[in-house]
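# no sequence for this one, just the structure:
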């Protein structure tokens with residue numbers, strides 16, 4: 001006898017589970033934020049060492065990321081419907097080869113820049129990926145409750161529960177997460193009424209970290225330009241280096257602090273100016289590197305919306321959990337021969 005899950009039963013059980021979840025979600029989020037906000041591990045990118053693997057079409061760190069995550073990339077169902085109520089959808093499935101920007105199939109890239117500094121033009125290569133913030137707005141404000149700041153430090157999106165609403169991308173100062181349509185839970189629950197796919201981004205190789213290993217990009221770098229270790233050690237290393245070399249640190253205070261640090265002998269204001277100049281039309285998908293970015297969660301209005309979203313996320317998260325449980329079995333009303 002096979003088991004199927006009807007949409008009606010899913011919604012009924014989601015609502016029932018959500019009532020209990022909503023009542024404790026606000027308090028639970030405060031506890032989770034306290035235990036998870038600082039993280040444990042971090043990466044550090046030395047821009048003085050990174051040459052972008054200049055003699056290769058694709059840098060080693062990018063290749064390593066793509067190989068490691070090949071099985072995690074989306075496999076969309078075609079044709080892809082527009083995400084209601086908007087008359088469009090996002091589809092990168094025919095552009096999987098792109099490696100010079102973030103996509104659902106490319107979670108890191110190296111931004112090759114020519115930076116003007118002290119009357120000279122200097123080549124600078126900047127590996128770009130998720131910053132894994134200490135207090136990530138993308139996690140706190142995710143309406144589906146599937147974007148998590150893990151105890152190890154990485155911020156991880158659960159693709160099994162993501163509806164592709166892109167709230168995470170909207171609130172991220174760097175607009176990191178990327179959406180792929182035609183994949184995800186919305187296809188099974190409400191393909192015509194909700195969702196736009198699934199959001200994808202770097203997860204700092206969270207599975208490898210839990211096994212005591214380094215992220216793939218770290219081990220692949222031929223110039224030792226990417227370091228990995230305990231967050232407080234990476235932060236102190238960056239600060240000491242900047243003081244000893246009259247250099248600069250990025251990611252230490254931006255957006256309230258991150259688990260992804262950059263060190264450079266060139267100020268990041270100059271680096272960001274080069275990024276802006278390179279992206280004059282604003283359509284290349286390259287992301288800024290503005291300094292001293294403030295965390296939107298520090299704004300009272302945004303904090304209020306976070307508290308409002310928490311019960312909603314609780315209901316949806318509970319419903320999603322119920323759905324996955326039901327995939328393994330159902331009650332009598334859902335049994336079919």
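Sure, I can see it. This structure is a prediction, so every number in the text was calculated from the model and none was measured. Numbering: from 1, shown residues only.

# where do the helices sit along the stretch 51-200 of the chain?
Counting by DSSP state H, counting those that start in this stretch, one finds helices in the stretch 51-200 of the chain at the ranges 60-68, 137-140, 167-171, 186-189.

# Of the ones you listed, which is nearest residue 152?
Closest to residue 152 of those is helix 137-140 (C-beta to C-beta; 14.0 Å). (Glycine included, C-beta is placed from N, CA and C.)

# who does that closest one touch, helix- and strand-wise?
strand 147-149, helix 167-171, helix 300-327 (3 or more C-beta pairs under 8 Å, 6 or more residues apart in numbering; DSSP states H and E).

# ok, of the ones you listed, where does mean pLDDT dip lowest?
Lowest mean pLDDT within those: helix 300-327, a mean of 49.

# Check what pLDDT the residue positioned nearest the centre of the chain gets.
The centre of the chain sits closest to residue 201, judged by C-alpha atoms, centre = their mean, with a distance of 4.1 Å. Listed pLDDT for residue 201 reads 97.

# With residue 294 instead?
Taking residue 294 on its own, its pLDDT is 89.

# what residues are up against residue 60?
53, 220-222 (C-beta atoms under 8 Å, 6 or more residues apart in numbering).

# where along the stretch 201-337 of the chain do the strands fall?
Remark: strands assigned in the stretch 201-337 of the chain by DSSP state E, counting those that start in this stretch are 226-230, 248-250, 260-264, 335-336.

# what separates the second one from the chain centre, distance-wise?
For strand 248-250, the distance between its averaged C-alpha position and the chain's averaged C-alpha position is 21 Å (C-alpha atoms, centre = their mean, to the nearest Å).

# lowest average confidence, helix or strand, in this protein?
When each helix and strand of the chain is scored by mean pLDDT, DSSP states H and E, strand 335-336 comes last, with a mean of 29.

# Low-confidence stretches in the protein?
1-39, 194-195, 280-286, 299-337 (pLDDT under 70).

# go again using 50 as the cut-off
1-7, 9-37, 302-304, 306-308, 310-314, 318, 322-323, 325, 328-337 (pLDDT under 50).

# Would you map out the domains in it?
1-35+306-337, 37-298 (automatic domain parsing).
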